[in-house]
Structures are given as structure tokens and as C-alpha cells.
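Asker: Attaching a predicted model along with its sequence, questions to come.
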Amino acid sequence: MALSLDRITALGDELFAALRARQMLMPLTERVPGIDIEDAYQVSLRFLERRTAEGERVVGKKIGVTSKPVQDMLGVHQPDFGFLTDRMAVASGSVISIAGSGLIQPRAEGEIAFVLKKDLTGANITADQVLDATDYVSPCFEIVDSRITDWKIKIQDTVADNASCGVFVLGEARVPPHTLDLAMVKMDITQNGAHVASGLGAAVQGHPATAVAWLANTLGRYGIPFLKGEIILSGSLAPLLPTRAGDRFHMTLAGLGEASIGFEA
């Protein structure tokens, strides 16, 4: 770690204030010399601490920037990770207010979500262990959002900013993970009725369970387990889709079901 505890606390507080005020910040990597991923992770924990102090409850974890199309799009070439809270959850079929949800520059991602039936603690967790620990998988929209101006992020910026998480939407389907090949599940997304994106489960590190195992092992190094009942988002199967008021997105995952979300100002 390169930063002092006081500096880490100040940066976490700054991101929290930006979230609540819907304000964008200049990239941390442009104004905090030497900030490394360990610093960024500690900043994200301070950011989370401020949210939980206001009553938000952690309900899961997320992996971001897992697929090559997303990595190429953002210029970030390794996965990041963040935390999901109960206040981020939105019911499928909802129309949400961008301003009311605290979003600034949202983008939509189509993913496969894992819901756990038992705890998992890294290290050396395998994809098979992830599948065995999973109660069911569901289609999921994650609406990512960055407090960093114009999404000009490097890996340290997005890790500090809770992996650019905004809100998430779980579909109603609950499918046992061993009943289909998750790597070959095909996703299609429409935006306002027009087809705009497709992807396969294999887009995230070859298999969504491999991506989830990576997160379990990464968080395990910080002593943070996956817990029974938690939701784990495995990463976007296609490039992020810019979102604006009036948009309505619908996603179909073959064999897994569907999810949808709409937006208003």
C-alpha cells in the first residue's frame, strides 16, 4: 500500500459524497500518485462502510470487467470486484428513475447471477466447488455506473468505486446450475424492442463459474468469504450498453429465463 490511512479514508468519503450528490470525480489515478490496487480496495471498503452506516446491508458480491469485449471497451484488462447491497436490488420489470436511483452515467450489462446455498471461502476454490455451492442461477441485469468522469477509469479507479456498481435486477427464474452448460448459454438483449447485443456464458473467463471462483479466491486473500444466500454476479457477457431515460431493456438467456428494466428521468 502506498497511501496513508487518512488519505484512504478521505478518498472513500469523497466517493460516498459523489454517490449521494450524483457528482462525477476526476480519476483517482490522475490525482493520487502511486495509488495501487491494494489502496483502491481499502478505499472501496471505506466507501462501503459509509453506505452500511446508513443502513445498507451487503447481500452479495460482483465481478466486473471479466469479458474481453468489456475490457477492450473500457481499456481495463483485468477483472475488478465490488459489493452488492440490498438498496441496489430492483425488481425485474420495474421502471426506475435514473436520478432517484442515484445513477449518473448508467450502462446496462447482461449477466448470469449465482445464488449460494452454502459458504465458500478462498483460497484454491475451483469452478466445480462454485457449482456445488450454488443453489440456483438466474438471469441478471447489472446497471453499472461510474462516479469517475466519462468512465475514464483504470483498474484502481473502478476497484475504489465499488467496481462501478449501480443497481441490479434478478430475473424470476431459478435454475439449478448443473442442469445446463453455463458456458454455452446464449444471451440476447433488446433495447426498446430492437436487438442490440448477444453473448455466450463462455465470454466470462471461459465459464461463469470460473469467474466466480476467481472472485472467491481473490476475496479470500482479504479474509472475506462468500456466504450462504449471497448473490454473486459473474460479469457481463457482452459490451456495456449506454442507457438513458425512456429506454427499456429486455434480456433472454436460453434455458435460464429473462429479465427486464426500464428507465425514466
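Answerer: Now that the structure is in, tell me what you want to look at. Numbering: from 1, shown residues only.
Asker: Would you map the strands across the stretch 51-200 of the chain?
Answerer: 58-64, 80-85, 89-91, 95-97, 107-116, 134-144, 165-170, 186-191, 194-200 (DSSP state E, counting those that start in this stretch).
Asker: Just send those back as CSV, with mean neighbour count and mean pLDDT too.
Answerer: C-beta coordinates here come from the backbone N, C-alpha and C atoms, glycine included. Formatted as CSV, the strands of the stretch 51-200 of the chain follow (neighbours: other C-beta atoms under 10 Å; pLDDT from 0 to 100):
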stretch, mean neighbour count, mean pLDDT
strand 58-64, 23, 94
strand 80-85, 24, 94
strand 89-91, 15, 97
strand 95-97, 15, 97
strand 107-116, 25, 97
strand 134-144, 24, 97
strand 165-170, 24, 97
strand 186-191, 18, 98
strand 194-200, 15, 97
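Asker: any chance of the ones you listed in TSV, plus distance to Ile224?
Answerer: Below are those laid out as TSV (distance: least, C-beta to C-beta, whole Å):
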stretch	distance to Ile224
strand 58-64	8
strand 80-85	9
strand 89-91	20
strand 95-97	29
strand 107-116	14
strand 134-144	18
strand 165-170	16
strand 186-191	29
strand 194-200	28
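Asker: Mind picking out the helix or strand in the chain with the poorest mean pLDDT?
Answerer: helix 68-74 (a mean of 72; mean pLDDT, DSSP states H and E).
Asker: what's the distance between that one and the middle of its chain?
Answerer: Relative to its chain's centre, helix 68-74 lies at 15 Å (C-alpha atoms, centre = their mean, to the nearest Å).
Asker: ok, now stretch 208-227?
Answerer: Counting by C-alpha atoms, centre = their mean, stretch 208-227 comes out at 14 Å from the chain centroid.
Asker: Give the closest residue to the most centrally placed residue in the chain in space, chain neighbours not counted.
Answerer: Residue closest to the average C-alpha location in the chain (C-alpha atoms, centre = their mean): Lys62, at 4.2 Å. Once flanking residues are discounted, Lys62 sits nearest to Leu233: 4.0 Å by C-beta to C-beta, 6 or more residues apart in numbering.
Asker: if I look at Gly229, how far off is Ser138?
Answerer: For Gly229, the distance to Ser138 equals 14 Å [C-beta to C-beta, to the nearest Å].
Asker: Need the overlap of contacts for those two.
Answerer: Taking C-beta atoms under 8 Å, 6 or more residues apart in numbering as the criterion, Gly229 and Ser138 both touch Val115.
Asker: returning to that earlier point: okay but the residue nearest to the centre of the chain is in contact with Val167, surely?
Answerer: No: with contact defined as C-beta atoms under 8 Å, Lys62 and Val167 do not form a contacting pair (11.4 Å).
Asker: got any residues that touch both of those two?
Answerer: Glu142.
Asker: secondary structure element for Phe16?
Answerer: helix 5-21 (DSSP states H and E).
Asker: ok, what's across the strand from Cys165?
Answerer: Val144 (DSSP bridges).
Asker: which residues does it contact?
Answerer: Per C-beta under 8 Å, 6+ apart, neighbours of Cys165: 62, 64, 82-84, 88, 142, 144-145.
Asker: one more time with 7 Å
Answerer: 62, 82, 84, 88, 144 (C-beta atoms under 7 Å, 6 or more residues apart in numbering).
Asker: and those residues as JSON lines, adding distance to Glu264?
Answerer: Converted to JSON lines, the contacts of Cys165 look like this (distance: C-beta to C-beta, whole Å):
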{"residue": "Lys62", "distance to Glu264": "25"}
{"residue": "Gly82", "distance to Glu264": "26"}
{"residue": "Leu84", "distance to Glu264": "23"}
{"residue": "Met88", "distance to Glu264": "18"}
{"residue": "Val144", "distance to Glu264": "19"}
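Asker: what's the farthest-apart pair in those?
Answerer: Maximum pairwise distance among these (C-beta to C-beta): 12.0 Å, between Leu84 and Val144.
Asker: which strands and helices sit next to the helix holding Phe16?
Answerer: helix 37-53 (3 or more C-beta pairs under 7 Å, 6 or more residues apart in numbering; DSSP states H and E).
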